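Peer 1: With the sequence up front, the predicted model follows.
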Amino acid sequence: MRDLDLTTLRLFVTVCETGNIARAGEQANIVASAISKRLAQLEQTVGTALLLRKRHGVVATPAGQSLLEHARAILSSTARIERDMQGYAAGVRGQVRILASASAMAESLADDVAAFLKLPAHQNIQVDMEERISPEVVRGIRDGTASLGVCWDAADLGPLRSRPYRHDNLCVVVPPGHPLAGRKRVRFEQTLDFEHVSMPVTSAVQVMLQREAAQLGRPLTYRVIVTNFEAALRVVRAGLAISLVPREVADIYAQAYGLKIIPLAEPWARRRFIICYRGGDGLSPAAQLLADHLAGRGGTAT
């Protein structure tokens, strides 16, 4: 297959989104006939029909839908490249991309990065962050998607290097009146008598909880699965389930939601986070500065 033309891909995406070649032409300031010609060439390049022409517009074929997803990803990556290069042209001397677990993002990472960027010496450094589950953080750093990763140290790092960052403490959060609400501490096994609300089951902490439950010979029952801590605590507030979340996150919502926070009496309840990175070619100067800053902030945490 010959190289795909970015302009044609942009037009293809616009046509799919508008459902009409003429309207796409108006948005792109290109005559409809020119777009039709480009789309015909695109179909010839990929070797299959991408659009069905109907009386009042067009719709994507199954192949077109697949190409649409790929085109959006390609154009997003292209836009990121353009932005990064424009930053260097404007005098930005560093570009650092971070992948981080939900816990790190929800607790302290954003504040620590903001403190880093406020320093006068770092005014020409740009930092981008993206939330992923811990295994995907490790995979992204290994594959070169980002320079730095922040995740739980229980993740399998493989060949990656790491430095200590911060720590947190898992706790049990229940609604008022719950049978566990009056306890001062709770063992994990005691929580297995109740349905849980979970973050993605492939996240490092959920895998660990499933393993601990299996060792106890007990099932870990999920009633609800959500993608962020606020949603999890809303489920708890509604009385639908209990949740195991970091105390550092629960404290933010507990008073507003009227929730009870109970320490989890397990040695693994205290988690340590790490900064991970590839060791072969070393970090860029900007990434090294940020890694040093984050490691230092972790060293001052209590």
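Peer 2: Now that the structure is in, tell me what you want to look at.
Peer 1: Now the residue nearest in space to the middle of the chain: closest residue in space, sequence neighbours ignored.
Peer 2: The geometric centre of the chain, computed from its C-alpha atoms, lies nearest to Glu131 (C-alpha atoms, centre = their mean), at 2.3 Å. Nearest non-adjacent residue to Glu131, counting by C-beta to C-beta, 6 or more residues apart in numbering: Met105, 5.0 Å away. Any C-beta I mention is one placed from the backbone N, CA and C, and that applies to glycine too.
Peer 1: Pretty sure the one you found sits against Arg132.
Peer 2: No. Under the criterion of C-beta atoms under 8 Å, Met105 makes no contact with Arg132, lying 9.5 Å away.
Peer 1: what sits in contact with each of those two?
Peer 2: With contacts defined as C-beta atoms under 8 Å, 6 or more residues apart in numbering, no residue is shared by Met105 and Arg132.
Peer 1: Name the SS class of the residue nearest to Glu131, please.
Peer 2: Under DSSP: H, G, I helix; E, B strand; the rest coil, Met105 falls in the helix class.
Peer 1: what number of residues lie near it?
Peer 2: Using other C-beta atoms under 10 Å, Met105 has 19 neighbouring residues.
Peer 1: now swap in the one 4 residues further on and tell me
Peer 2: Counted with other C-beta under 10 Å, residues neighbouring Leu109 total 23.
Peer 1: same thing with Gly19?
Peer 2: Gly19 is surrounded by 15 other residues when neighbours are defined as other C-beta under 10 Å.
Peer 1: Which residues are in contact with it?
Peer 2: Applying C-beta under 8 Å, 6+ apart to Gly19 gives the contacts 57-59.
Peer 1: again, 10 Å this time
Peer 2: Contacts for Gly19 (C-beta atoms under 10 Å, 6 or more residues apart in numbering) come out as 51, 54, 56-60.
Peer 1: In the stretch 201-302 of the chain, where is pLDDT below threshold?
Peer 2: 280-281, 299-302 (pLDDT under 70).
Peer 1: 80 instead?
Peer 2: 280-282, 298-302 (pLDDT under 80).
Peer 1: Could you check the pLDDT of Gly64?
Peer 2: Predicted confidence (pLDDT) for Gly64: 92.
Peer 1: I'd say it and Arg53 touch.
Peer 2: No. Look at Gly64 against Arg53 with C-beta atoms under 10 Å: they stay out of range, at 11.7 Å.
Peer 1: rewinding a little: OK, contacts around the residue nearest to Glu131?
Peer 2: When contacts are counted by C-beta under 10 Å, 6+ apart, Met105 is found next to 98-99, 129-132, 150, 228-229.
Peer 1: what's the answer for Thr7, then?
Peer 2: 28, 30, 38.
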